[in-house]
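J.: turn this into a structure:
(one chain, ligands or ions: 1)
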Amino acid sequence: MAKDSAARNGATAAPAGVADVFDHGPLKLERRDAVLVVGLDRQSKRNAINDEAVAALDDCFSAIPDDVRAVVLHGHGPNFSAGLDLSEISERDVTAGVFHSRAWHRCFEKIEFGRVPVIAVLKGAVIGGGLELACAAHIRVAEPSAFFALPEGQRGIFVGGGGSVRLPRLIGVARMADMMLTGRTYAAADAVSLGIAQYLVGEGEGMAHALELAGRVAANAPLTNFAVIQALPRIADADPRVGYLMEALVSAVAQGDSEAKARVRDFLEKRAAKVARPA
Ligand SMILES: COc1cc(/C=C/C(=O)SCCNC(=O)CCNC(=O)[C@H](O)C(C)(C)COP(=O)(O)OP(=O)(O)OC[C@H]2O[C@@H](n3cnc4c(N)ncnc43)[C@H](O)[C@@H]2OP(=O)(O)O)ccc1O
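T.: Numbers count the residues shown, from 1 in each chain. Below you'll find the model as predicted:
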């Protein structure tokens, strides 16, 4: 297989060893070939998200290197995140509260509407703002220890990280209202059947599974991934007449790209893998 064709057909898919690990405040970043692994690392506070963590996430997702094709987002230690760092809340009046929430929105929009797909690995606490962060990712992988709750009602506050927009799209307004009004906790398996997470894997297997998914994602044409992230949610939200028009335009742009032409040629000339049948 020629080098370019091999690259298009998944030969670069499997992320190899860790090339670089570096600290970025409360984040730990690791490069694994075309995949960037971003880990919240405030384990003594169960990865609660403080202002510094939001700033670090914002920095990180503002400057994803051009050769990164997918991001895996996770929490170091046994938890994904215990949500908003409650120790900072008493410092804020109403105006500061609005700006705080908007800073979360800006940051999480960089994750949701960035250049590359983001896969979240969820284990232990996925609470409040931690769940909001997870909802900004495109694929969520849960381990059995993951538990999901919105205890904002118990704390006398409301979601502020875009959760009231993103979570109802996954589970519906009624279920989110129930979560917030009753403070109920969902176990990992329930979260998967409700659509909060797409995959339930064995305990401790979340990262390996996410990296495997990231390898598949990274092997796609970058323009298709970009269209999935940027266009699909907007098309799905649009009036159907606008949606069909947007789809036709995005589709024509994608198929006009030289990468699409090369990939289709690879298939027709028997150099590309066939679609796998179910195991
Ligand atoms: C309003 O505008 C907003 C809002 C938001 C988003 C809002 C939210 O996220 S509300 C939800 C906030 N989170 C919680 O209520 C979870 C509280 N934590 C727990 O229930 C537990 O800690 C646990 C996560 C279940 C873990 O239990 P365990 O393993 O037993 O650990 P602990 O001993 O309880 O905790 C260890 C250590 O961590 C501290 N800690 C835990 N969670 C938080 C937190 N969320 N904030 C601050 N600190 C936390 C805990 O106090 C302990 O500290 P020590 O000093 O005692 O060791 C978004 C944007 C907006 O604008």
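J.: just to be sure, Ile229 is in a helix?
T.: Yes: according to DSSP: H, G, I helix; E, B strand; the rest coil, Ile229 belongs to a helix.
J.: report the longest helix in the chain, please.
T.: When the chain is parsed with DSSP state H, its longest helix is helix 94-112.
J.: name the helices or strands packed onto it?
T.: helix 51-62, helix 129-136 (3 or more CB pairs under 8 Å, 6 or more residues apart in numbering; DSSP states H and E). (Each C-beta comes from the backbone N, C-alpha and C, glycine too.)
J.: please identify the deepest-packed of those.
T.: helix 129-136 (a mean of 27; mean count of other CB atoms under 10 Å).
J.: packing partners for the following helix or strand past it?
T.: Next helix or strand after helix 129-136 toward the C-terminus (DSSP states H and E): strand 139-142. Counting contacts by 3+ CB pairs under 8 Å, 6+ apart, strand 139-142 packs against strand 118-122, helix 188-194, strand 199-200, helix 206-219.
J.: apply 6 Å and report the result again.
T.: strand 118-122, helix 206-219 (3 or more CB pairs under 6 Å, 6 or more residues apart in numbering; DSSP states H and E).
J.: counting by contacts, list what the longest one packs against.
T.: Right, the one you point to is helix 206-219. On a contact count with 3+ CB pairs under 6 Å, 6+ apart, helix 206-219 meets strand 70-75, strand 118-122, strand 139-142.
J.: show the subsequent helix or strand relative to the shortest one.
T.: Think strand 139-142. Counting by DSSP H and E, what follows strand 139-142 is strand 147-149.
J.: for the ligand, see how far away the residue nearest to the spatial centre of the chain is.
T.: Nearest to the mean C-alpha position of the chain, by CA atoms, centre = their mean, lies Ala137 at 1.8 Å. Per CB to the nearest ligand atom, to the nearest Å, Ala137 is found 16 Å from the ligand.
J.: so that residue touches Ala120, yeah?
T.: Yes: contact criterion CB atoms under 6 Å: Ala137 and Ala120 qualify, at 3.8 Å.
J.: quick one: name the residues of the stretch 1-150 of the chain near the ligand.
T.: 45-46, 48, 82-87, 97, 100-101, 104, 125, 127-129 (CB under 6 Å from any ligand atom).
J.: could I have the buried ones of those as ChimeraX selection syntax?
T.: Under the burial definition 16 or more other CB atoms under 10 Å, those of those that qualify are selected in ChimeraX by:
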select :45,46,48,82,83,84,85,100,101,104,125,127,128,129
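J.: tell me the contacts of Tyr199?
T.: Val141 (CB atoms under 6 Å, 6 or more residues apart in numbering).
J.: now swap in Gln198 and tell me
T.: 139-140.
J.: what does Lys45 give?
T.: Per CB under 6 Å, 6+ apart, neighbours of Lys45: none.
J.: shared neighbours of Ala137 and Ala120, anything?
T.: With CB under 6 Å, 6+ apart, Ala137 and Ala120 have common neighbours Leu73.
J.: pull out the buried positions in the longest helix of the chain.
T.: Neighbour-count burial for helix 94-112 [16+ other CB under 10 Å]: 100-101, 103-105, 107-108, 110-112.
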